[in-house]
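Trainee: What shape does this take:
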Amino acid sequence: MSKLAAQDKFLDLSDYGRSFGRFFALQLKDSRFTPIHVTLLFGLSGLIAIYCILVHQYLWAGFFILLKSGIDAADGELARLKNTPSYSGRYLDSVFDIILNFMFLMAICYVSETSIWFTLLAFIGLQLQGTLYNYYYVILRNKSVGGDSTSKIFEYKTPKALPGESQKSVNILFSIYQIVYGTFDKIIHALDAEAYKVKTFPNWFMTLLSLYGLGFQLLIIAVMLPLGWIELIVPFFIAYTILIFALIGIRKVCIK
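Mentor: Here you go, the predicted model:
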């Protein structure tokens, strides 16, 4: 929650890995490890989780999914500790997330009796959920005094590279980001095009919204796997998508 000014901080149910991420980043502060290295590490943890799903080791799969969430929080923390923010890291992190999300669901589809078409529908729902969370959260971050503004409300233009990163890397990663996230961004923006005009979002609303944060989505999967509810994961995320319209409705009616 260090991306926000004190008065805008809220209970983020998806950010349970932040304490571990901050601790992990502190251990790496004076090392040669960079935030990009940490991003690669959470990618590795995600791949191990996928392997565990494929070999029916669901308890270990849940463990590595949660570990991935903790490490995922560490790359941004390390960037702040070393004062090395970068667009390359921001886009690489996001690209890794969507690839791993797709692979998590495909692995679940492979070992269960779930239809691939329902799995693809669940993936679309999962991404729309996360996009709504990110959309409102980035608006809050950009309006928060002293808040982080590396992420933009509208990601339509290639940003200028920050010190320490190459413009070429930013260009390539931004292009990939646009390919994999562009459609989801446009759908959510179309559903609530006026959201960026609000002065701020109340804490209670952001806490409710955090049910759609990636960390909370992964927590749900990590809990359902060892409980033997693997056949319910895809139907759950399809149904869970309906909450999008309730949250947007609350925003339009209650938050101007």
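Trainee: Spit out the contact partners of Leu105.
Mentor: Applying CB atoms under 8 Å, 6 or more residues apart in numbering to Leu105 gives the contacts Thr119, Ala122, Phe123, Leu126, Ile233, Val234, Phe237. The C-beta positions use only the backbone N, C-alpha and C, and glycine is treated the same way.
Trainee: which of those residues has the most neighbours?
Mentor: Leu126 (26 neighbours; other CB atoms under 10 Å).
Trainee: what's the helix or strand for that residue?
Mentor: Element membership for Leu126, per DSSP states H and E: helix 116-143.
Trainee: Name the next helix or strand downstream of that helix, please.
Mentor: Assigned by DSSP H and E, the successor of helix 116-143 is helix 167-191.
Trainee: If we ignore the residues flanking it in sequence, what's nearest the residue nearest the centre of the chain?
Mentor: In the chain, the centroid-proximal residue (CA atoms, centre = their mean) is Leu214; its distance is 4.2 Å. Among residues not flanking Leu214 along the chain, Gly130 sits closest, at 5.3 Å (CB to CB, 6 or more residues apart in numbering).
Trainee: and if you look at Leu26?
Mentor: Leu81 (7.0 Å).
Trainee: per-residue pLDDT, that neighbour?
Mentor: We have a pLDDT of 92 for Leu81.
Trainee: Contact partners for it?
Mentor: So Leu81 contacts Ala25, Leu26, Lys29 (CB under 8 Å, 6+ apart).
Trainee: Highest neighbour count among those residues?
Mentor: That'd be Ala25 among the contacts of Leu81, by other CB under 10 Å, with 23 neighbours.
Trainee: Please report how far that one lies from Ser69.
Mentor: As judged by CB to CB, to the nearest Å, Ala25 and Ser69 stand 14 Å apart.
Trainee: try Ile230
Mentor: Distance from Ile230 to Ser69, by CB to CB: 19 Å.
Trainee: now do Ala239
Mentor: 23 Å.
Trainee: and if you look at Ile50?
Mentor: Separation of Ile50 from Ser69 (CB to CB): 15 Å.
Trainee: more neighbours, these two?
Mentor: When Ile50 and Ser69 are compared for neighbours, Ser69 comes out ahead with 27 against 19, by other CB under 10 Å.
Trainee: Follow the chain on from whatever helix or strand the more buried one lives in and name the next helix or strand.
Mentor: Element membership for Ser69 (DSSP H and E) is helix 58-81. Sequence-wise, the next helix or strand downstream of helix 58-81 (DSSP H and E) is helix 87-111.
Trainee: roughly how far out does that next one sit from the chain middle?
Mentor: Its chain's C-alpha centre and that of helix 87-111 lie 10 Å apart, by CA atoms, centre = their mean, to the nearest Å.
Trainee: Give the buried residues for stretch 194-206.
Mentor: Buried residues in stretch 194-206, defined by neighbour count with 16 or more other CB atoms under 10 Å: Ala195, Val198, Phe201, Phe205, Met206.
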